[in-house]
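Asks: any chance you can model this:
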Amino acid sequence: MSEDWVCPSCDPDAVDTSDTGSDSRTPSPRPAELNDLPTTDSGSVRKADAMKWLDRLDKPSATELKRAFIPKPNGFTGSTYPTSISNVRITGDPAFIETVAGLLKPIQDLEGSETRVEINLQQTEDRDSGDLTGNYALYLSIAERG
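Replies: Here you go, the predicted model:
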């Protein structure tokens with residue numbers, strides 16, 4: 001990737017509203033610089049390219065964060081992994097979870113008559129012993145109300 005590479009789709013108002021995603025109930029991914037990064041044959045972005053991309057990102061406004069979420073359609077079943085549905089998963093010690101979660105507070109504003117916030121906050125368990133580790137997992141997503 002060249003040093004003067006410029007994102008061709010960085011217009012903050014550019015939103016693809018066509019409905020041609022991998023799931024017929026899920027909109028297509030929105031234009032993003034991430035779509036234009038070079039990848040390996042397996043789809044991975046190399047570390048150097050990912051670090052340059054990360055360095056160019058600005059902290060989103062609350063409005064930008066809320067507009068970026070694609071809710072889970074009402075009645076959706078199965079894995080959200082191959083769809084454009086937005087999910088956030090954060091794992092780590094309590095101080096890390098609280099710090100990063102503070103950046104996501106605008107997501108609470110998506111709770112309303114049309115969408116609801118799905119949140120799961122739990123201590124993680126050691127896979128071998130089943131004992132609680134003292135670390136946490138936070139899962140956040142938005143779902144359409146039915």
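Asks: so where is this structure shaky, pLDDT-wise?
Replies: 1-31 (pLDDT under 70).
Asks: strands of this structure, start to end?
Replies: 87-92, 115-125, 132-144 (DSSP state E).
Asks: pipe those into a markdown table and attach mean neighbour count and distance to residue 106 per row.
Replies: C-beta here means a position set from N, CA and C on the backbone, and glycine is covered the same way. Putting these into a markdown table (neighbours: other C-beta atoms under 10 Å; distance: least, C-beta to C-beta, whole Å) gives the following:
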| stretch | mean neighbour count | distance to residue 106 |
| --- | --- | --- |
| strand 87-92 | 14 | 12 |
| strand 115-125 | 13 | 11 |
| strand 132-144 | 16 | 11 |
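Asks: figure out which of these is closest to residue 65.
Replies: strand 87-92 (10.4 Å; C-beta to C-beta).
Asks: helices of the protein, residue ranges please.
Replies: Applying DSSP state H to the chain gives helices spanning 47-56, 62-68, 94-103.
Asks: reformat these as a markdown table; add mean neighbour count.
Replies: Below are these laid out as a markdown table (neighbours: other C-beta atoms under 10 Å):
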| stretch | mean neighbour count |
| --- | --- |
| helix 47-56 | 12 |
| helix 62-68 | 13 |
| helix 94-103 | 12 |
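Asks: how about these, which one is nearest residue 86?
Replies: Nearest of these (C-beta to C-beta): helix 62-68, 7.1 Å.
Asks: now residue 34: closest residue in space that isn't a chain neighbour?
Replies: residue 53 (6.8 Å; C-beta to C-beta, 6 or more residues apart in numbering).
Asks: need the contact list for that neighbour.
Replies: 33-34, 37, 45 (C-beta atoms under 8 Å, 6 or more residues apart in numbering).
Asks: pull up the gap between it and residue 87, please.
Replies: 20 Å (C-beta to C-beta, to the nearest Å).
Asks: cool, and residue 64?
Replies: From residue 64 to residue 87 the distance is 18 Å (C-beta to C-beta).
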